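Undergrad: Next one to model:
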Amino acid sequence: MGETYVLDSYAILALLGGEPGGEEVAQILQRAREGAARALMTWVNLGEVAYIVERRWGAERLFQVLGTLEATALGLVAVERDLALAATHVKARYPLAYADAFAAALAMGASATLLTGDPEFRPLEDILHIQWLPRVGGD
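TA: Have a look, this model is predicted:
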């Protein structure tokens, strides 16, 4: 198996919204389905995607999205003690959203590349390998 990626909510929302970077996310999920890569996401980050999808597009679209994501090779990681404490440590040291701390902690623990376009992760570039997606409107 090839490289391991951790997807944050930004990556999944770029895919769902047809935004810049969405095709890159689709390619990584395809590689994961083929066994050429691994794609992971915490349930906390999926929860973030879920509330944003429901808010933007409604509950029916949310159920479609969840069904689609469950049919991909995206590995959903349960948040247990060690991951929760690792995320707490990241959140205490860096100014980022709590859910983002879970993505960062998972990426560090799995020696993975974080796939995101969220500039909140910039302060973590010294401790985390990040593959940057383009942002809407450039950046």
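Undergrad: what's the spacing between the residue of the chain most remote from its centre and residue 67?
TA: Distance from the centre of the chain peaks at residue 60, with 22.1 Å (C-alpha atoms, centre = their mean). In this view, residue 60 and residue 67 are 11 Å apart by C-beta to C-beta, to the nearest Å. C-beta: built from backbone N, CA, C; applies to glycine.
Undergrad: Show me which helix or strand of the protein is least confident by mean pLDDT.
TA: Least confident helix or strand, the chain: helix 59-70 with a mean of 92, by mean pLDDT, DSSP states H and E.
Undergrad: Of all the residues in that one, which ones are buried?
TA: 62, 65, 69 (16 or more other C-beta atoms under 10 Å).
Undergrad: between those residues, which is nearest residue 132?
TA: Set against residue 132, the nearest of the buried residues of helix 59-70 by C-beta to C-beta is residue 69 (22.2 Å).
Undergrad: tell me the contacts of that closest one?
TA: Residue 69 sits next to 12, 46 when contact means C-beta atoms under 8 Å, 6 or more residues apart in numbering.
Undergrad: can you check residue 129 too?
TA: Applying C-beta under 8 Å, 6+ apart to residue 129 gives the contacts 107, 112-114.
Undergrad: Just the ones of the residues you listed in helices?
TA: Using DSSP state H, residue 107 are the members of these that sit in helices.
Undergrad: okay, the contacts of residue 129 in CSV with distance to residue 55 next?
TA: Shown next, in CSV, are those (distance: C-beta to C-beta, whole Å):
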residue, distance to residue 55
107, 26
112, 28
113, 29
114, 24
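Undergrad: Can you tell me which of the contacts of residue 129 lies closest to residue 120?
TA: Using C-beta to C-beta, the contacts of residue 129 come closest to residue 120 at residue 114, 11.3 Å.
Undergrad: I'd guessed the closest one sits against residue 133; true?
TA: No - between residue 114 and residue 133 there is no contact under C-beta atoms under 8 Å: 10.4 Å.
Undergrad: if you count what's nearby, which of those two comes out ahead?
TA: The neighbour comparison of residue 114 against residue 133 (other C-beta atoms under 10 Å) goes to residue 114, with 26 against 22.
Undergrad: nearest spatial neighbour of the more buried one, skipping sequence neighbours?
TA: Closest residue to residue 114 apart from its sequence neighbours, by C-beta to C-beta, 6 or more residues apart in numbering: residue 107 at 4.2 Å.
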